[in-house]
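# Show me how the following folds:
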Amino acid sequence: MDTDLYQIIRSNQSLSEEHCQYFLYQLLRGLKYIHSANVIHRDLKPSNLLLNANCDLKICDFGLARPTSENEFMTEYVVTRWYRAPELLLNSSDYTAAIDVWSVGCIFMELMNRRPLFPGNDHVHQMRLLIELLGTPTDADLGFVRNEDAKRYIRQLPQHPRQSLAQVFPHVHPLAIDLVDRMLTFDPMKRITGEFFVPYKPFQCCCGCIEFILFQS
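Numbers count the residues shown, from 1 in each chain. Below is the predicted model of the structure:
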């Protein structure tokens, strides 16, 4: 492979909407395959997505990947901070493949905007950036959090309403916004999952399909 998505995003290379859609299409197909084998990647980020001159995308660096298991403890310190799901920031050790879904949402918005969505300087700043854009989670949103100290920490942060991604990023296609909105849901149980082939008109691969791939639960 010639380069990676990190280098492309930070270059002067022009990216059309079709480029972004095709990269997302391949990423979702790859992740669908990984999750179908009951494996969580746990470190999805632009530098782990390799590209060649034909715009073929491959997911790499499975150093933090591991099989899913309901019976085993899972460490929470995974995923590069900017792409880390709320459940990891709140030290959950029983997370699911939904953490990869969150990372994809962050990567896709970074690809569309050519800058990171949540470039936190540290753990605390990262959570504040999430809440400033996505709003303060409700008690229901925090139902997955078992640690009472983590819940108290969230409740003592400044309160923010959820911002409209369509207004914050008016240049991004509404259907792309809708997809990202469902990926960046605070509660992992409500985050988009399952395996679907849905006719979303703007998400066309180069061979003309009008499918995009979501995830196998």
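
# from memory Ser47 sits against Asp4, does it?
Yes: with contact defined as C-beta atoms under 8 Å, Ser47 reaches Asp4; the gap is 5.2 Å. Yep, even glycine has a C-beta here, placed from its N, CA and C like the rest.

# Of those two, which one has the most company?
More neighbours surround Asp4 than the other of Ser47 and Asp4, with 19 against 14 (other C-beta atoms under 10 Å).

# right, and that one touches Leu51 too?
Yes: with contacts counted by C-beta under 8 Å, Asp4 reaches Leu51, the gap being 6.3 Å.

# which neighbours do these two share?
Shared contacts of Asp4 and Leu51 (C-beta atoms under 8 Å, 6 or more residues apart in numbering): none.

# Now do the helices in the protein.
5-9, 17-36, 86-89, 98-113, 123-134, 148-155, 165-168, 174-183 (DSSP state H).

# Okay, buried residues for the longest one please.
By that I understand helix 17-36. 20-31, 34-35 (16 or more other C-beta atoms under 10 Å).

# tilt between it and helix 174-183?
Angle, helix 17-36 to helix 174-183, by axes from the mean of the first three to the mean of the last three C-alpha atoms, to 10 degrees: 30 degrees.

# any idea of the mean pLDDT in helix 17-36?
The average pLDDT within helix 17-36 is 89.

# now, which of the buried residues of helix 17-36 sits nearest Glu110?
Cys20 (10.3 Å; C-beta to C-beta).

# show me what contacts that closest one?
Applying C-beta under 8 Å, 6+ apart, the residues near Cys20 are Phe108, Leu111, Met112, Ala176.

# go with 7 Å
Leu111, Met112 (C-beta atoms under 7 Å, 6 or more residues apart in numbering).

# State the distance from it to Val180.
Cys20 is 12 Å from Val180, where distance means C-beta to C-beta, to the nearest Å.

# By average pLDDT, which secondary structure element in this protein comes out worst?
When each helix and strand of the chain is scored by mean pLDDT, DSSP states H and E, strand 197-199 comes last, with a mean of 39.

# burial of the residue lying closest to Arg146 once chain neighbours are set aside, as a residue count?
What sits nearest to Arg146 in space, not counting adjacent residues and going by C-beta to C-beta, 6 or more residues apart in numbering, is Ser92, at 7.4 Å. Neighbour count of Ser92, defined by other C-beta under 10 Å: 20.
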